[in-house]
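**Q** got a predicted structure plus its sequence, pasted below:
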Amino acid sequence: MGPTRRDVLAMGLATCGWAAAGGTAASAQPAHRPVPFGGAVYLPDLEADPRLGDAIVAHCQAVTPVNELKWISTRPAPDLFDFAASDKIADFARTNALAMHGHTLVWYAELPEWVTRLTSAADAERALTEHIVTTMQRYGDVARSWDVVNEPIPDAARRPTDRRDSHWRALLGDDHIAQAFRIAHDVDPDALLVINEYDVEFATGYFPAKRQAFAHLIRELVDKGVPVHAVGLQGHLRGGVPIAKDELAQFVADMRELGLKIMVTELDVIDRDLPGPADVRDAIIAAQVEDFLGAITASGPLHSITTWGLSDTYTWIRWAYGRSDGLGNRPLPLDENFQRKPMFDVIDRFRSIV
């Protein structure tokens, strides 16, 4: 019997470089193979606009579900899983020989009400374990990387030891982070397990302290032998806020010395306060993405780059950071007509670093 479709897909996912926690598949890539590129997708957008699916297939090697794998979507009740929406994105990935990056297993936000009513550590640990095991097992063929813990650092960290408050932390303590990684590793020892965070790339305000706390947490986990394999830098860049190029480069170099891969997981640029003309704005955005990617590749190539959406038509920034001048936001590599913008040229250039 020849290889099954699943066998072919597995080979395709491995060769795209999105697999293998230990780096076997990625390191085996030919030197000329670009760093894998992915886009986040929201199922209603994918179903409503065929152009979006076509663009993902044309440009991407992976997709990340925006909301469909979050607890609020998959866990309507303690004894009930609802994977209807996430199954559709997984099937889209399988059909088009794409990987699916799992987002996210543990997050402080968007929890169903029944989770917030849990009052004992035993119940919280049972719910967390069941969720991670069931979700990872369901998508083990197509999701070879996971944001195991998302956004564990508070915005205004006062000390390097500060961790974000959450219901998980209230019931299980700070060790819930290590617990989640250990459970995930037990489920799938070959999956790439990621700790994911935002707002660690800037030079001013509360950002340096947040970066320091994130680094402290990662070192603490690695020192304890927790199976963390990659650092996810979301990259929701704030247009006009300077990138801390030297400090960010050092942070990434330190993470690489710990043996961790570096992934850009949610790249876009919040352009609410940037000038109106499209060509001017696009140039500023491209330059900021250049600064960001330049800093984090100074010590080596990225494992992957993912943008939070692909076309300006479908971006969370439109409702979260709409412009006062009424112009449409332009945070992503493709414009409203799915045409390439300068941001995409910058991404492609950094994908070629080996």
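**A** Cool, the structure landed. Numbering: from 1, shown residues only.
**Q** so the residue nearest the centre of the chain, which of the three states?
**A** The residue lying closest to the centre of the chain (C-alpha atoms, centre = their mean) is residue 265, at 3.1 Å. At residue 265, secondary structure determined by DSSP: H, G, I helix; E, B strand; the rest coil is strand.
**Q** not counting sequence-adjacent ones, nearest residue to it?
**A** Excluding the flanking residues, the one nearest residue 265 by C-beta to C-beta, 6 or more residues apart in numbering is residue 232, at 4.0 Å. Heads up, the C-betas are built off the backbone N, CA and C, glycines and all.
**Q** isn't the one you found up against residue 193?
**A** No. Taking contacts as C-beta atoms under 8 Å, residue 232 lies outside contact range of residue 193: 10.2 Å.
**Q** comparing these two, which residue is more hemmed in?
**A** Between residue 232 and residue 193, counting by other C-beta atoms under 10 Å, residue 232 is the more crowded of the two (28 against 25).
**Q** give me the pLDDT for the more buried one.
**A** Listed pLDDT for residue 232 reads 98.
**Q** so what secondary structure elements neighbour the host helix or strand of it?
**A** For residue 232, the host element (DSSP states H and E) is strand 230-233. Under the contact criterion of 3 or more C-beta pairs under 8 Å, 6 or more residues apart in numbering; DSSP states H and E, strand 230-233 touches strand 192-197, strand 261-270.
**Q** strands paired with that strand, and their directions?
**A** Based on DSSP bridges, the pairing partners of strand 230-233 within the sheet are strand 192-197 (parallel), strand 261-270 (parallel).
**Q** packing partners of the helix or strand following it?
**A** Downstream of strand 230-233, the next assigned helix or strand under DSSP H and E is strand 236-238. Here strand 236-238 touches strand 261-270, helix 278-296, going by 3+ C-beta pairs under 8 Å, 6+ apart.
**Q** in the protein, where is pLDDT below threshold?
**A** Flagging of the chain using pLDDT under 70 yields the residue ranges 1-32.
**Q** would you map the strands across it?
**A** Remark: strands assigned in the chain by DSSP state E are 37-41, 62-65, 99-107, 145-150, 192-197, 230-233, 236-238, 261-270, 304-307.
**Q** for the last one, name the packing helices and strands.
**A** Strand 304-307 sits against strand 37-41, strand 62-65, strand 261-270, helix 342-351, with contacts defined as 3+ C-beta pairs under 8 Å, 6+ apart.
**Q** to residue 80, which of these lies closest?
**A** Of all the helices and strands packed on strand 304-307, strand 62-65 sits nearest to residue 80, with 19.1 Å by C-beta to C-beta.
**Q** who touches that closest one?
**A** By C-beta atoms under 8 Å, 6 or more residues apart in numbering, the list of residues contacting strand 62-65 from outside reads 16, 18, 36-43, 56, 85-86, 89, 92-93, 98-103, 265-266, 304, 306.
**Q** 7 Å - rerun?
**A** Residues from elsewhere that reach strand 62-65, judged by C-beta atoms under 7 Å, 6 or more residues apart in numbering: 18, 36, 38-41, 56, 86, 89, 92-93, 98-101, 103, 306.
**Q** filter those down to the buried ones.
**A** 18, 36, 38-41, 56, 86, 89, 92-93, 98-101, 103, 306 (16 or more other C-beta atoms under 10 Å).
**Q** with distance to residue 122 added, can I get the helices and strands packed on strand 230-233 in CSV?
**A** Putting the helices and strands packed on strand 230-233 into CSV (distance: least, C-beta to C-beta, whole Å) gives the following:
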stretch, distance to residue 122
strand 192-197, 24
strand 261-270, 32
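**Q** how near is residue 93 to residue 57?
**A** As for residue 93, its distance to residue 57 is 10 Å (criterion: C-beta to C-beta, to the nearest Å).
**Q** common neighbours of these two, please.
**A** Counting by C-beta under 7 Å, 6+ apart, nothing touches both residue 93 and residue 57.
**Q** hang on, the earlier thing: give me the distance from the strand holding residue 232 to the chain's centre.
**A** 8 Å (C-alpha atoms, centre = their mean, to the nearest Å).
**Q** let's see it as PDB, backbone CA atoms only.
**A** Coordinates of each C-alpha in strand 230-233 appear next as PDB, following Å, rounded to 0.1, in the frame of the first residue of the first chain:
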ATOM      1  CA  ALA A 230       9.900  28.500  21.900                       C
ATOM      2  CA  VAL A 231       9.300  32.100  22.800                       C
ATOM      3  CA  GLY A 232       6.400  33.700  20.900                       C
ATOM      4  CA  LEU A 233       6.700  37.400  20.400                       C
END
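**Q** quick one: residues in contact with that strand.
**A** For strand 230-233, contacts defined as C-beta under 7 Å, 6+ apart pick out 147, 192, 194-197, 200-201, 218, 255, 260-265, 296, 303.
**Q** again, but for stretch 305-313
**A** For stretch 305-313, contacts defined as C-beta under 7 Å, 6+ apart pick out 35, 37-40, 52, 55-56, 59, 62, 64, 101, 236, 264-268, 315, 328-336, 338, 347, 351.
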